[in-house]
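S.K.: Here is a sequence with its predicted model. Questions after.
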Amino acid sequence: MAASGGYNYRDGTQRSSHKVDRPLSINSNPKSSVKSKALPASGPRRNSTGSIGGGGAGPATSKIDTGVPGRVRVAVRLRPRNAEEMVADADFADCVELQPELKRLKLRKNNWDTDTYEFDEVLTEFASQKRVYEVVAKPVVESVLEGYNGTVMAYGQTGTGKTYTLGRLGEEDTAARGIMVRAMEDILADVSLESDSLSVSYLQLYMETIQDLLDPANDNISIVEDPKTGDVSVPGASLVEIRDHQSFVELLRLGEAHRFATNTKLNTESSRSHAILMVNVKKSVKGRDSALPSQNGNNSHMVKSLKPPVVRKSKLVVVDLAGSERIDKSGSEGHTLEEAKSINLSLSALGKCINALAENSAHVPVRDSKLTRLLRDSFGGTARTSLVITIGPSPRHRGETASTIMFGQRAMKVENMLKLKEEFDYKSLARRLDIQLDKLIAEHERQQKAFEDEIERITIEAQNRISEVERNYADGLEKDYMESIKKLEEQLVMNQKKHGSEKITNGPEDDGSNVTTIKESCRVHVEEIDDLTKLLQKETLLRKAAEEEVQNLKIQLTQWKRSEAAGNSEILKLRKMLENEEHQKEKLEGEIATLHSQLLQLSFEANEMVQVKLCLWLVRPELNQEMG
């Protein structure tokens, strides 16, 4: 047996402050605001959607349901006798007798008297790991996948199989896999890693100090409570994204190697700390998005509703408590004795909280221990909680077995108010709107560039046609004038020659014929002038037609500019709708804060009423007896 004062990690190495390199990605733990919805009385339903906000384009309404009771479920598991007990207790009967078909347990007080207790499940020493998971943890895992917080916890004496039940990896024998591994298998089978996210933190509470099992250098993590919602978180812990089952198994192996363990009389590898596995699940709710047509009535352009997508954020907490033990039986000395004292103090604080909740006490001492602060949501909170208590058959440990059984009996009286936690994914909506806006801007720029290119092409083509018409008109006019002038000159020369020859031949008496010839020549010139005038009018009509075509092109340019202005107006409307949605979000958060303060006021008034009744009972007990 190892010296009682020494302590090691589970892998046998001494504690050190160096940081372990690992291939897993570690992210910060984001904060988020949540909405609550009551779980149906019959338990979680698959594919339930919940009512969040208002429908259509109107403002969303805010409502917080108070939830429905969800009693803590407790199962008892009996460990078979080990080799030492088979020798030492060979002549003695087991101190417990199980009746699994009746879900009862009998604890022997002596040879002729027994106490009988009822539990939600009674698991014999022959119960398989699969059976234990299905009756203890599977309902909690299904609730987590529906958006509810869940807790699975193991409590019992040192050496009764808590770590075996919860944290067994089962690499050699898959049938021996514990609750942690089986729960992650079910979660990975249900979530979609493309649209959902899955992250894990692994902590240990050692001597009232929270340490990160994934990063041993991070050995003093603080607990943070949200003043609005009362949720407890550990933002300083490592948050590892899980993509497949093998990465999760490696994470558990890494965490178990850093967990404190030592050798005691009750267990050769006794856990000296409480291990806490936190699995954060974020799932998108399908089928919530809708589309609305744009105001211009064009069905080809659909504007999606600004109602943001809904996501469900839930958390599964698996707690492997350190063993409850008596100092004289464990043989703890030195530093191991101090560890045992710290373990017993935290377990005692947990027992006090459960007693207060079971008795409906006005005050629950949650702040007496960091363990009770971490489990604030598990007992008396909003999580679905399942507890498995582990016991041994040896009559030598009857006292510890009875104490464990009574702890489970008191835990069965605790009721939690189960609530569905949903929230609007405004970041996803903003990203989607940014992408849509970028696409609209790019499409608008592309259309504007194509429009400008088309206008430039049409303008150049019109200018070329106008220039060609003007050139043809000028050339034709000049040619006609030149031909007319040439004809007139030729005719004038011919007339002069003819007139000269007639003078020589006929003498002065031919003056009448010369006048006639001149008149005929003038008539011909007038006709040519008329022809030129008609040609000029024709060319003028062609020029007017060209000017009308240019005017039509200008009108088309104006219409394109109006279309561009309409596109800019649509973009401004989208931005304004996004600003309105952000305003509605702030309004919803304000209403939630108001309702929460009203709930606190009602709780305060109820506490005052209980105190008044208690004072009345203390002052006039005989009056209360008569009234009773």
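M.R.: In hand now; what should we look at? Numbers count the residues shown, from 1 in each chain.

S.K.: Helix or strand: which one has residue 614?
M.R.: helix 511-619 (DSSP states H and E).

S.K.: Now do that helix, average pLDDT.
M.R.: For helix 511-619, mean pLDDT rounds to 82.

S.K.: helices or strands up against it?
M.R.: helix 426-506, helix 621-627 (3 or more C-beta pairs under 8 Å, 6 or more residues apart in numbering; DSSP states H and E). Using the backbone N, CA and C atoms, a C-beta is placed for each residue, glycine as well.

S.K.: Show the average pLDDT along the first one.
M.R.: Per-residue pLDDT values across helix 426-506 average out to 81.

S.K.: That one - contacts with which helices or strands?
M.R.: helix 511-619.

S.K.: Next, the angle helix 426-506 makes with the helix it packs on.
M.R.: 170 degrees (axes from the mean of the first three to the mean of the last three C-alpha atoms, to 10 degrees).

S.K.: A strand includes residue 201, no?
M.R.: Yes - counting by DSSP: H, G, I helix; E, B strand; the rest coil, residue 201 falls inside a strand.

S.K.: Sticking with the nearest residue to residue 156 once chain neighbours are set aside, tell me its helix or strand.
M.R.: Leaving aside its chain neighbours, residue 156 sits nearest to residue 390 (3.5 Å; criterion: C-beta to C-beta, 6 or more residues apart in numbering). Using DSSP H and E, residue 390 maps to strand 384-391.

S.K.: neighbouring strands for that strand, and are they parallel or not?
M.R.: strand 73-78 (parallel), strand 150-156 (parallel) (DSSP bridges).

S.K.: ranking those strands by burial, who's on top?
M.R.: Ranked by mean neighbour count under mean count of other C-beta atoms under 10 Å, these are led by strand 150-156, which reaches a mean of 27.

S.K.: my guess is the residue nearest to residue 156 contacts residue 79, does it?
M.R.: Yes - checked against C-beta atoms under 8 Å, the pair residue 390 and residue 79 is within contact range at 6.2 Å.

S.K.: The two: which is more packed in?
M.R.: residue 390 (25 against 20; other C-beta atoms under 10 Å).

S.K.: avg pLDDT for stretch 338-348?
M.R.: For stretch 338-348, mean pLDDT is 80.

S.K.: which parts of it are buried?
M.R.: Buried residues in stretch 338-348, counting neighbours by 16 or more other C-beta atoms under 10 Å, are found at 339-340, 342-344, 346-347.

S.K.: hey, C-alpha coordinates of the strand holding residue 390 in PDB?
M.R.: Extracted in PDB, the C-alpha atoms of strand 384-391 (Å, rounded to 0.1, in the frame of the first residue of the first chain):
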ATOM      1  CA  ARG A 384     -33.400  17.400 -15.500                       C
ATOM      2  CA  THR A 385     -31.300  15.600 -12.900                       C
ATOM      3  CA  SER A 386     -30.600  11.900 -12.500                       C
ATOM      4  CA  LEU A 387     -28.700  10.500  -9.600                       C
ATOM      5  CA  VAL A 388     -27.100   7.000  -9.300                       C
ATOM      6  CA  ILE A 389     -26.000   6.000  -5.800                       C
ATOM      7  CA  THR A 390     -23.500   3.100  -5.600                       C
ATOM      8  CA  ILE A 391     -23.400   0.800  -2.600                       C
END
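
S.K.: The helix or strand just after it - contacts with which helices or strands?
M.R.: Heading C-terminal from strand 384-391, the first helix or strand you meet, by DSSP H and E, is helix 398-411. Counting by 3+ C-beta pairs under 8 Å, 6+ apart, the packing neighbours recorded for helix 398-411 are strand 73-78, strand 104-108, strand 150-156, helix 334-358, strand 384-391.

S.K.: Quick one: low-confidence residue ranges for the stretch 201-350 of the chain.
M.R.: Where the stretch 201-350 of the chain drops to pLDDT under 70, the residues are 261-271, 287-308, 325-336, 340.

S.K.: what ranges do the helices span in it?
M.R.: 245-257, 327-330, 334-358 (DSSP state H, counting those that start in this stretch).

S.K.: just these: most buried one?
M.R.: helix 334-358 (a mean of 19).

S.K.: That one to helix 398-411, inter-axis angle?
M.R.: 40 degrees.

S.K.: what's the offset of helix 334-358 from the middle of its chain?
M.R.: The chain centroid and the centroid of helix 334-358 are separated by 36 Å under C-alpha atoms, centre = their mean, to the nearest Å.

S.K.: Quick check: what element follows it along the chain?
M.R.: Assigned by DSSP H and E, the successor of helix 334-358 is helix 370-374.

S.K.: Now that following helix: average pLDDT?
M.R.: So the average pLDDT for helix 370-374 ends up being 91.

S.K.: Same question for stretch 179-190.
M.R.: Taken as a whole, stretch 179-190 has a mean pLDDT of 94.

S.K.: Can I get it in CSV, CA atoms only?
M.R.: What follows is stretch 179-190, C-alpha atoms only, in CSV (Å, rounded to 0.1, in the frame of the first residue of the first chain):
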residue,chain,number,x,y,z
ILE,A,179,-22.2,6.9,-19.1
MET,A,180,-19.9,9.6,-20.4
VAL,A,181,-18.8,7.7,-23.5
ARG,A,182,-22.3,6.4,-24.3
ALA,A,183,-23.9,9.9,-23.8
MET,A,184,-21.5,11.4,-26.3
GLU,A,185,-22.2,8.7,-28.8
ASP,A,186,-26.0,9.5,-28.7
ILE,A,187,-25.3,13.3,-28.9
LEU,A,188,-23.0,13.0,-31.9
ALA,A,189,-25.6,10.8,-33.6
ASP,A,190,-28.3,13.4,-33.2
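
S.K.: Can you give the contact residues for that stretch?
M.R.: Residues from elsewhere that reach stretch 179-190 (C-beta atoms under 8 Å, 6 or more residues apart in numbering): 129-130, 132-133, 136-138, 141-142, 144-145, 152, 165-170, 198, 242, 244-245, 248-249, 252, 277, 279, 281, 316, 318.

S.K.: follow-up on the earlier one: intersection of neighbour lists for residue 390 and residue 79?
M.R.: 160-161.

S.K.: okay, now residue 437: neighbour count?
M.R.: By other C-beta under 10 Å, 14 other residues sit near residue 437.

S.K.: List the contacts of it.
M.R.: Shown in contact with residue 437 (C-beta under 8 Å, 6+ apart): 571, 574-575.

S.K.: Next one: it from residue 192, what distance?
M.R.: Using C-beta to C-beta, to the nearest Å, we find residue 437 at a distance of 27 Å from residue 192.

S.K.: What of residue 286?
M.R.: The spacing between residue 286 and residue 192, counted by C-beta to C-beta, is 10 Å.

S.K.: ok, now residue 546?
M.R.: 65 Å.

S.K.: Counting neighbours, go ahead and name the busier of these two.
M.R.: Higher neighbour count among residue 546 and residue 192: residue 546, with 17 against 10, using other C-beta under 10 Å.

S.K.: The more buried one reaches residue 469, doesn't it?
M.R.: Yes - under the criterion of C-beta under 8 Å, residue 546 makes contact with residue 469 at 5.5 Å.
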